[in-house]
Structures are given as C-alpha cells and as structure tokens.
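Visitor: Just need the structure, nothing else, for what follows:
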Amino acid sequence: MLKKITALLAVFLMAGTALAAAMFFDDNPRYIQVGHDDTTESYVDMNSIQSIRYDPPYYIIKATVVTYDYTTNVASGYENKFFYNFKAQTVKTQTLSTLLYDDKGIPTRQIMLPNPAVNACDRYSVNGKAADNAFFTCYSMTFYHTFTKQPPSSTKRNE
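Guide: Numbers count the residues shown, from 1 in each chain. Sure, this is the predicted structure:
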C-alpha cells in the first residue's frame, strides 16, 4: 500500500512540475506564443529581441524562440538571427545557439552551434511568426504585407 501511495505521489509531483513549467511561459508577458501543436508550444522571448541591421529594405534582428516539449517536459531555446528582405517579403533564419531551461524558465546552459546554416523561413511557421513579432517590436509595423495580385499576363489589355 505504501508503494502505491508513493508511486501516486511521484506521478502527481511530476505532472505538477510539467504543468508549472508550461504555465511559466503561458503566464509570463515576456513570452509571446508563436506556435503550438499536440506535443509542443513555442514562444518568442520578447526580452531577447535586438535590431542588428537597419538598412531598408534589408534588416537583421536577433531573437530567441523557446519551445516547450510536452513529451519530454523540456524547454529549449533557439537563438536566431532573422534576415529580412522587405521588397521580396522573405525571411531567412540562422540558429546561432541552443539554450536549455530549468523548470522555472531560466536558461541554464547555452550550446553555440559551429557554422550555422541560413535557411528560408515560411511565413506561417514558428520562426516566421517569431520573425514577424520581432520586426513589429523593433519597428512598430508588421513585416508581412498583403499586396494586390497582378492579373495573369494573358488577360492584360494591350494599350
């Protein structure tokens, strides 16, 4: 009987720890949610946002994206550089390092990545949403804009 109570107490303790860790990010205005699915939640750390290059139409912003994984109860941060081309409406990302967080949301370890690659970033991905939030924080405007589509060339009138 004592083993069952101990096991049950351990399960509640682990579940409470996992819930507290996830709730830390949810309840803290420092972290803005930029994605979630059945096993993870991702946030941009608003305190990590730094404008590196302001040279319209080109911009570079550094920001950390934190992902909490419910399958492992681990929070990992990814320090990124976002490369913006405003005319082309494209964003590329480069992950500079990985951070590991404790159950209170405090970074405990940083692992620098050697020779990080620069990759295209989809507008609706976690990094795309984080990049748009970072851009808005730095310049008080969204990065992505909706433009009027041009009709296909075959339907244009000759003038």
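Visitor: So what sits opposite the most centrally placed residue in the chain in the bridge?
Guide: Central residue of the chain (C-alpha atoms, centre = their mean): residue 65, 3.4 Å from the mean position. Legend: beta-bridge partners of residue 65 under DSSP bridges are residue 44, residue 78.
Visitor: residues in contact with it?
Guide: 34, 42, 43, 44, 45, 77, 78, 80, 126, 127, 130 (C-beta atoms under 8 Å, 6 or more residues apart in numbering). Backbone N, C-alpha and C define where each C-beta goes, glycine included.
Visitor: now residue 105
Guide: 21, 24, 25, 28, 31, 75.
Visitor: SS state for the third one?
Guide: Secondary structure state of residue 25, per DSSP: H, G, I helix; E, B strand; the rest coil, is helix.
Visitor: Verify the assumption that residue 132 is located in a helix.
Guide: Yes: remark: residue 132 belongs to a helix, assigned using three-state DSSP.
Visitor: okay but it is in contact with residue 139, surely?
Guide: No: between residue 132 and residue 139 no contact is recorded; they are 11.1 Å apart, counting by C-beta atoms under 8 Å.
Visitor: neighbour-wise, which of those two wins?
Guide: Looking at residue 132 and residue 139 with other C-beta atoms under 10 Å, you find the greater number of neighbours at residue 132, namely 20 against 16.
Visitor: Could you check how far the more buried one is from residue 100?
Guide: When distance is defined by C-beta to C-beta, to the nearest Å, residue 132 is 26 Å away from residue 100.
Visitor: Residue 72: neighbouring residues, count only.
Guide: A count of nearby residues for residue 72, using other C-beta under 10 Å, gives 11.
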